[in-house]
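Participant: Quick one, structure for this:
(one chain, ligands or ions: 2)
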Amino acid sequence: MKFGVVARRDKAEALKLAYRVYDFLKVSGYDVVVDEDTYRYLREFDESDILPLEDFDVDFIIAIGGDGTILRVEHKTKKEIPILGINMGTLGFLTEVEPHETFFALSKLLEGDYFIDERIKLRTYIDGEASVPDALNEAAILTGIPGKIIHLKYYIDGGLADEIRADGLIVSTPTGSTGYAMSAGGPFIDPRLSVTVIAPLAPLALSSRPMVIPAESRIDIRNMTITREILLAIDGQFYTYLPPETEITIKLSPRRARFVRFTEEIYPKYTMRLKKRF
Ligand SMILES: NC(=O)c1ccc[n+]([C@@H]2O[C@H](COP(=O)([O-])OP(=O)(O)OC[C@H]3O[C@@H](n4cnc5c(N)ncnc54)[C@H](O)[C@@H]3O)[C@@H](O)[C@H]2O)c1
Ligand SMILES: Nc1ncnc2c1ncn2[C@@H]1O[C@H](COP(=O)(O)OP(=O)(O)OP(=O)(O)O)[C@@H](O)[C@H]1O
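Facilitator: Residues are numbered from 1 along each chain as shown. Ligands and ions are numbered 1, 2, ... in the order given. Okay, here's the model as predicted:
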């Protein structure tokens, strides 16, 4: 078995724990690679084990950090590698275990006492091209000029669903339903469901409400403000400004994210975490 180790670079405890995980796995006889960005901030790893995240070809990734760290791993790796998230974040909604549980969790992983939680992702097409990363949380279509409204029309499976004047539109997976979409008034979506949430961001009209549609549906978004660019932000990791005439389409991605879990429990696990959020 081969492992990859990644830590958030801005927290010394996360880097130190990454080294302990690396050392434990090496001493146990496993091949381990370490993300080069992590190495840049802690030079103790063996130089021959350093690789860019983009080149990780391992069985499991141990990610030590918060949600931003997990999202970064998801965006940079090319294969659907299962991630075990160790929470060294503020919220750590996407992580599985707390730091004090690290070595117990690793033992369970090595014994095969775990399961894989697969999460759907969304693919965004820009003028018909899949040229941007898939979203684990959401694709956010945002006003390019803070303080200025954007006028959008969006179509579901070819039919006009709504026309909004708002700060933006959040198109979210069940995983992302507890992130930006929830701040836009969207509901908690049980991660076992295959649905997409569409939530307008600060809409002018009271009648523009969040909706939940089948994940297999096609969403076409058109910018009606012909003079204003819009900003597309995916999972807070990738940004691009799009000219007004750009045609945006969002569909279910053929790819999935995979997480190592030790319990299938959703309630009260996620709902308790939501309480921590507020
Ligand atoms: N107003 C908002 O609520 C708002 C605004 C921008 C981005 N976000 C979220 O932040 C994400 C990027 O995360 P980051 O850590 O790189 O950015 P960040 O550092 O700006 O933190 C955003 C916060 O959202 C939390 N978060 C991220 N994904 C989550 C999820 N699936 N469920 C519950 N909480 C979640 C993070 O823990 C963090 O507290 C985006 O994908 C988006 O969902 C939220
Ligand atoms: N190696 C790195 N390269 C780029 N950005 C990084 C790196 N390590 C950490 N960051 C950034 O540092 C910030 C903090 O990381 P992270 O999101 O993991 O923790 P957090 O914000 O405290 O946790 P949470 O997202 O759970 O609230 C994030 O914005 C993350 O993207």
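
Participant: where does this structure have low pLDDT?
Facilitator: Applying pLDDT under 70 to the chain flags the ranges 278.

Participant: can you list the domains in it?
Facilitator: As assigned by automatic domain parsing, the chain contains the domains 2-113, 121-254.

Participant: Include distance to ligand 1 when you put those into JSON lines, please.
Facilitator: All C-beta spots, glycine's among them, are computed from the backbone N, C-alpha and C. Putting the domains of the chain into JSON lines (distance: least, C-beta to the nearest ligand atom, whole Å) gives the following:
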{"stretch": "domain 2-113", "distance to ligand 1": "3"}
{"stretch": "domain 121-254", "distance to ligand 1": "3"}
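
Participant: Spit out the contact partners of residue 162.
Facilitator: 153-154, 200, 208 (C-beta atoms under 8 Å, 6 or more residues apart in numbering).

Participant: Ramachandran coordinates for it?
Facilitator: Main-chain torsions, residue 162, degrees, to the nearest 10: phi -170, psi 160.

Participant: which residue sits closest to residue 88, ignoring its sequence neighbours?
Facilitator: In this structure, residue 88 finds its nearest non-sequential neighbour in residue 14, 4.1 Å apart by C-beta to C-beta, 6 or more residues apart in numbering.

Participant: Within the helices and strands, which one has that neighbour?
Facilitator: Element membership for residue 14, per DSSP states H and E: helix 12-27.

Participant: Output the contacting helices and strands for that helix.
Facilitator: In terms of contacts (3 or more C-beta pairs under 8 Å, 6 or more residues apart in numbering; DSSP states H and E), helix 12-27 is packed against strand 2-7, strand 31-35, helix 36-41, strand 60-65, helix 102-111.

Participant: quick one, strands of the stretch 151-278 of the chain?
Facilitator: Applying DSSP state E, counting those that start in this stretch to the stretch 151-278 of the chain gives strands spanning 159-166, 168-172, 195-201, 211-214, 219-223, 230-234, 238-242, 247-261.

Participant: Of those strands, give the one that comes closest to residue 131.
Facilitator: With distances scored as C-beta to C-beta, the stretch of the strands of the stretch 151-278 of the chain nearest to residue 131 is strand 238-242 (8.8 Å).

Participant: Next, the angle strand 247-261 makes with that closest one.
Facilitator: 170 degrees (axes from the mean of the first three to the mean of the last three C-alpha atoms, to 10 degrees).

Participant: quick one: is strand 238-242 near ligand 2?
Facilitator: No - applying C-beta under 6 Å from any ligand atom, one finds strand 238-242 out of contact with ligand 2, separated by at least 11.8 Å.

Participant: Check stretch 172-188 too.
Facilitator: No - judged by C-beta under 6 Å from any ligand atom, stretch 172-188 makes no contact with ligand 2; its nearest approach is 9.5 Å.

Participant: Name the residues of that stretch that come out as buried.
Facilitator: 172-182, 184-186 (16 or more other C-beta atoms under 10 Å).

Participant: got it, and stretch 231-251?
Facilitator: Across stretch 231-251, burial judged by 16+ other C-beta under 10 Å covers 231-238, 242, 246, 248-251.

Participant: Same check on stretch 202-210?
Facilitator: 203, 208, 210.

Participant: go on, stretch 221-231?
Facilitator: Result for stretch 221-231 [16+ other C-beta under 10 Å]: buried residues 221-223, 225, 228-231.

Participant: what do you get for stretch 55-67?
Facilitator: Those would be 56, 58, 60-67, for stretch 55-67 by 16+ other C-beta under 10 Å.

Participant: for stretch 93-102, same thing?
Facilitator: 93-97, 102.

Participant: Now do stretch 118-129: distance to the chain's middle.
Facilitator: How far stretch 118-129 lies from its chain's middle: 13 Å, per C-alpha atoms, centre = their mean, to the nearest Å.
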